[in-house]
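Chemist: Any chance you can model this:
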Amino acid sequence: MTIVPLALSILLLVASAPATAQPGTVLAIADFADAGTDGGAMIQAERLSGYLQHRLQALAGDHLQVLAGDQVRSVMRAQGVTALDLLRRSPATGVAAALGASRVVTGSWRTLSLASAPDAPPMPRGAEREATAVFDVWMIDAASGATVLHATYVGRATGQGRLVLLEAAREALDQAARAIAGM
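Modeler: Residues are numbered from 1 along each chain as shown. Now for the predicted structure:
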């Protein structure tokens with residue numbers, strides 16, 4: 001009969017011991033390519049990787065460590081790699097290895113535009129505009145070089161000035177962040 005209480009005590013000790021946390025995935029986010037879109041320069045679209053980094057960190061918490069900005073840029077510069085180069089296996093795995101990342105995210109702005117509403121007369125100064133942002137995103141596995149995610153996200157917003165374009169871009173990036181965090 002003394003074995004049962006001893007076994008029960010051991011089970012309780014094991015059950016109450018803190019579980020060791022598994023290390024989260026390390027994700028490197030490169031600046032985005034902006035191949036001459038109309039509004040890219042207005043909102044520094046290629047540098048919105050920082051926004052995606054913050055959104056992913058907020059959505060994934062401790063399960064994901066996200067690297068972006070100067071840390072990723074410096075490695076890419078040192079290796080002579082651009083955002084679109086990361087679509088090839090060798091550059092993606094090289095940048096990931098240098099950063100200790102298991103996956104690399106890169107993207108391209110297909111459309112960043114401000115337009116007046118289709119039924120509106122010519123635009124007076126200060127009138128509302130419709131902004132559209134179309135973002136292609138790729139997530140590359142560092143170990144295999146395989147494309148884990150390739151998707152297109154569209155953001156739209158209506159308002160004044162360049163901030164409406166930034167709002168549309170952020171909407172597209174929010175969609176990308178939800179997809180990446182859910183993987």
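Chemist: So which residues of this protein form strands?
Modeler: Shown for the chain, the strands assigned by DSSP state E span residues 25-29, 64-67, 103-115, 129-141, 147-159.
Chemist: Of those strands, which shows the lowest average pLDDT?
Modeler: Among the strands of the chain, strand 103-115 carries the lowest mean pLDDT, at a mean of 88.
Chemist: So which elements touch it?
Modeler: strand 25-29, helix 89-99, strand 129-141, helix 161-181 (3 or more C-beta pairs under 8 Å, 6 or more residues apart in numbering; DSSP states H and E). C-beta here means a position set from N, CA and C on the backbone, and glycine is covered the same way.
Chemist: got the angle between the second one and strand 147-159?
Modeler: Translated: helix 89-99. Between helix 89-99 and strand 147-159, the angle comes out at 80 degrees (axes from the mean of the first three to the mean of the last three C-alpha atoms, to 10 degrees).
Chemist: Could you pull out the buried residues of stretch 134-154?
Modeler: V134, F135, D136, V137, W138, M139, I140, D141, A142, Y153 (16 or more other C-beta atoms under 10 Å).
Chemist: CA atoms of it as CSV?
Modeler: The C-alpha trace of stretch 134-154 is given here as CSV (Å, rounded to 0.1, in the frame of the first residue of the first chain):
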residue,chain,number,x,y,z
VAL,A,134,-2.0,44.8,-54.0
PHE,A,135,0.8,42.9,-52.2
ASP,A,136,2.4,39.6,-53.3
VAL,A,137,4.1,37.7,-50.4
TRP,A,138,6.3,34.7,-50.4
MET,A,139,7.5,32.7,-47.4
ILE,A,140,10.5,30.5,-48.1
ASP,A,141,11.7,27.6,-45.8
ALA,A,142,15.3,28.1,-45.0
ALA,A,143,16.2,24.4,-44.8
SER,A,144,14.6,23.2,-48.0
GLY,A,145,14.3,26.4,-50.0
ALA,A,146,10.7,25.4,-50.6
THR,A,147,8.0,28.1,-51.0
VAL,A,148,5.8,27.6,-47.9
LEU,A,149,3.4,30.5,-48.8
HIS,A,150,2.7,32.5,-52.0
ALA,A,151,-0.3,34.7,-51.9
THR,A,152,-1.7,38.0,-53.0
TYR,A,153,-3.5,40.4,-50.6
VAL,A,154,-5.5,43.5,-51.6
